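J.: could you look at this predicted model? Sequence included:
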Amino acid sequence: MKASIAGSLGLVLSIAGCAQDAASYQTRLNQPLKKELEEIYARDQGVRQNARAVVEKYGQKSPQVDSLGRAMQRTDSLNLRRVTALIDRYGWLGKSLVGPDGSVTAFLVIQHSNLPTMQQYAPMMRAAAAKGELEYASLALVEDRILTYQNKSQIYGSQLRTNPITGKMELFPIEDEAHVDERRAKMGLGALTEYAQSFGLDYKPKKGR
């Protein structure tokens with residue numbers, strides 16, 4: 001009985017300690033900045049949440065898709081202006097400053113920008129990932145997007161495009177495609193086959209030599 005009571009008391013103390021740690025972690029975050037990034041995330045994703053459905057329903061070259069594209073550009077421009085101002089002031093908006101979700105928001109806004117902006121902040125993102133302030137998976141997507149914007153083969157297979165002839169989605173060319181899953185695993189990404197399936201693609205991995 002005593003052992004049972006002691007064990008229960010230890011569990012209670014452990015739970016209380018975890019709760020205190022969580023509360024302490026939250027107090028260390030910049031809460032106003034975290035809240036602002038939550039609002040930016042809502043805008044970023046809100047304009048995109050029905051994008052695939054609109055393309056599938058009306059077609060890539062439809063007025064509906066054009067309208068959606070213009071809405072995305074307006075939203076992305078406003079978000080980018082604010083996020084870059086915050087990064088320039090605080091440094092990378094990492095997990096220890098704004099939490100994991102805030103860091104993801106900063107990544108998304110940079111990824112949805114243009115090539116010069118991505119190139120400008122990529123070194124900062126690499127340093128942040130090395131310090132645990134940004135997920136390597138997020139960094140991989142930015143690295144791939146920079147390459148595809150330069151008409152180069154991507155490394156991790158994260159970027160897709162619309163085939164101009166078939167009108168269907170496909171992966172951008174991949175450097176050393178036979179070993180892409182090995183590189184993806186190092187960045188915390190799942191198998192490319194599963195990733196492609198999430199976009200409705202029947203991808204067959206290339207065999208290594």
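T.: Perfect, thanks for sending it. Numbers count the residues shown, from 1 in each chain.
J.: how deep is Gly46 tucked in, by neighbour count?
T.: For Gly46, the tally of surrounding residues (other C-beta atoms under 10 Å) stands at 11. Where C-beta positions appear, they are placed from N, C-alpha and C, glycine not excepted.
J.: please disregard the earlier target; I meant Asn163.
T.: Other residues near Asn163 number 10, with proximity taken as other C-beta under 10 Å.
J.: so what's it closest to, chain neighbours aside?
T.: Glu170 (5.1 Å; C-beta to C-beta, 6 or more residues apart in numbering).
J.: tell me where the chain has helices.
T.: Using DSSP state H, the helices of the chain run over residues 2-28, 31-46, 51-58, 63-90, 95-111, 115-130, 136-149, 180-186, 192-197.
J.: distance from the last one to the middle of the chain?
T.: Just to be clear, that refers to helix 192-197. Using C-alpha atoms, centre = their mean, to the nearest Å, we find the averaged C-alpha position of helix 192-197 to lie 16 Å away from the chain's own average C-alpha position.
J.: count the residues that sit near Leu171.
T.: The number of residues packed around Leu171, counting by other C-beta under 10 Å, is 19.
J.: could you find the closest non-adjacent residue to the spatially most central residue of the chain?
T.: Among the residues of the chain, the one closest to the centroid is Ser138, at 4.4 Å (C-alpha atoms, centre = their mean). Spatial nearest neighbour of Ser138, chain neighbours left out: Phe107 (4.2 Å); criterion: C-beta to C-beta, 6+ apart.
J.: contacts only, for the one you found.
T.: 125, 134-135, 138-139, 141-142 (C-beta atoms under 8 Å, 6 or more residues apart in numbering).
J.: make JSON lines out of these and add pLDDT and distance to Gly188.
T.: Rendered in JSON lines, the data for the contacts of Phe107 read as follows (pLDDT from 0 to 100; distance: C-beta to C-beta, whole Å):
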{"residue": "Met125", "pLDDT": "98", "distance to Gly188": "14"}
{"residue": "Leu134", "pLDDT": "97", "distance to Gly188": "11"}
{"residue": "Glu135", "pLDDT": "97", "distance to Gly188": "6"}
{"residue": "Ser138", "pLDDT": "97", "distance to Gly188": "9"}
{"residue": "Leu139", "pLDDT": "98", "distance to Gly188": "10"}
{"residue": "Leu141", "pLDDT": "98", "distance to Gly188": "11"}
{"residue": "Val142", "pLDDT": "98", "distance to Gly188": "14"}
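J.: which one of those is nearest to Ala178?
T.: The shortest approach to Ala178 among those belongs to Leu141, at 21.1 Å (C-beta to C-beta).
J.: where does this protein have its least confident helix or strand?
T.: Every helix and strand in the chain was compared by mean pLDDT, DSSP states H and E; the lowest is helix 2-28, with a mean of 62.
J.: residue ranges with poor pLDDT in this structure?
T.: Judged by pLDDT under 70, the chain has its weakly predicted residues at 1-4, 6-26, 208-209.
J.: one more pass at 80, please.
T.: Screening the chain residue by residue with the criterion pLDDT under 80, one finds the ranges 1-27, 52, 60, 207-209.
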